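> I'll drop the sequence and a predicted model, then ask my questions.
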Amino acid sequence: MNTIDGLKHAIGIAALPDRGYIYRDAHYLTAVVEIDSDKMQPWLPAGVTLTGPATADLFCAWFPDCNYGSVYHEAGLLVHIKTGIGPFATMGVHCPWMILDDDAALILGREVLGYPKKLGAIDWSIEGDAINATATRRGATLIEMRGALGDVIDDAPPILGRPHRNVVGSVLPYLVAFTPGEHVIEVRRANLDVSVGNSERDPLQDMGVGQVIESRLHRVNLSAGSPPVPIRPVLPTFTTSRLNGRIF
């Protein structure tokens, strides 16, 4: 792609918010899990608080079609947090850990939206109602999800279209707020066996990931939604004191 084509491509993406999809038919296989709040709290930016009881979405995902041409997989943890005050209070999410198998998506997600993305490997398969996903990194198996899909859910909560509070940057980090646009295709219940591993560089168990509450497969289209807005600085030690979860 030459410079002119690159500018046209970037302008096309920037002009998309809620008037066009960036991702089409994204699949999120998610397990809503209990979270040990004492273990998770040190992984959150100052001022970001967990919902009560503390929960999170642990997921593996497949993105078969997006505007920048990558076909890739992802696995991550979206911790449920409190956002807003008074009548504007709602549940949002913060991402303390994520791996994927595409470098372009890694750079976009990490540099613009504050997802702490690292390269890893995710195996993914759907055959009829049978669905399996395994996330590994540097020889460690971190997430295994195996099971079967069930009934369609008409009133499922969103998986990604919620207010986000992530941290962008390492030297002068700041908290950024945004809400992706989520457009539901179908959500189904999933009866899953879920296991969570741990390693020094990917300490999911140390983050307090606990028992599964419920599981679902979300198929969604995604648009830009509300763009990322910096809302306040974060101490530089936030990243340097969490290298094993966010960098290494």
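Yep, it's here.
> now Y23, which residues is it bridged with?
C66, L222 (DSSP bridges).
> for it, give me its contacts.
Counting by Cβ atoms under 8 Å, 6 or more residues apart in numbering, Y23 touches F63, D65, C66, N67, V220, N221, L222. Any C-beta I mention is one placed from the backbone N, CA and C, and that applies to glycine too.
> who wins for neighbours among those residues?
Within the contacts of Y23, V220 tops the neighbour count with 23 neighbours, counted by other Cβ atoms under 10 Å.
> looking at this, that one is in a helix?
No. Going by DSSP: H, G, I helix; E, B strand; the rest coil, the assignment for V220 is strand, not a helix.
> so where is the protein shaky, pLDDT-wise?
For the chain, residues meeting the criterion pLDDT under 70 lie at 1-19.
> repeat that with 80
Applying pLDDT under 80 to the chain picks out residues 1-19, 84-88.
> now do the helices in it.
For the chain, the helices defined by DSSP state H cover 3-14, 37-40, 103-113, 237-240, 243-246.
> one step back: just curious, which of the contacts of Y23 is nearest to P173?
L222 (25.1 Å; Cβ to Cβ).
> could you measure from that closest one over to H183?
Distance of L222 to H183, given as Cβ to Cβ, to the nearest Å: 7 Å.
> spit out the residues that contact those two alike.
Shared contacts of L222 and H183 (Cβ under 8 Å, 6+ apart): Y21.
> which stretches in the chain count as strands?
Under the criterion DSSP state E, the chain contains strands at 23-35, 55-63, 72-83, 90-100, 117-119, 121-127, 130-137, 140-152, 164-168, 174-196, 209-233.
> now the angle from the second one to strand 121-127?
For strand 55-63 and strand 121-127, the angle between their directions (axes from the mean of the first three to the mean of the last three Cα atoms, to 10 degrees) works out to 80 degrees.
> ok, and what's touching strand 55-63?
So strand 55-63 is contacted by 23, 26-35, 40, 70-80, 93, 105, 122, 124, 133-135, 143, 145, 159, 194, 196, 204, 209, 213 (Cβ under 8 Å, 6+ apart).
> try 7 Å
23, 26-35, 71-80, 122, 124, 133, 135, 143, 145, 159, 209, 213 (Cβ atoms under 7 Å, 6 or more residues apart in numbering).
> over to the shortest one?
The list of residues contacting strand 117-119 from outside it, by Cβ under 7 Å, 6+ apart, reads M98, I99, L100, D101, L106, G109, R110.
> how many other residues sit next to the last one?
By other Cβ under 10 Å, 19 other residues sit near R110.
> start the count at 21 instead of 1 going forward.
In the new numbering, first residue 21, that becomes R130.
> tell me the contacts of it?
Taking Cβ under 7 Å, 6+ apart as the test, what R130 contacts is P136, K137.
> next one: it from S57, what distance?
Taken as Cβ to Cβ, the span from R130 to S57 is 26 Å.
> then the fifth one?
Between L126 and S57 the computed distance is 29 Å (Cβ to Cβ).
> the first one now?
If you measure M118 against S57 using Cβ to Cβ, the figure is 21 Å.
> out of the two, which sits in the more crowded spot?
A count of neighbours by other Cβ under 10 Å puts M118 above the other of M118 and S57, at 23 against 17.
> please name the bridge partners of the more buried one.
Beta-bridge partners, per DSSP bridges, of M118: G96, K137.
> show me what contacts it?
Here M118 is in contact with E94, G96, Y135, P136, K137 (Cβ under 7 Å, 6+ apart).
> out of these, what pair is the most spread apart?
E94 and P136 (12.2 Å).
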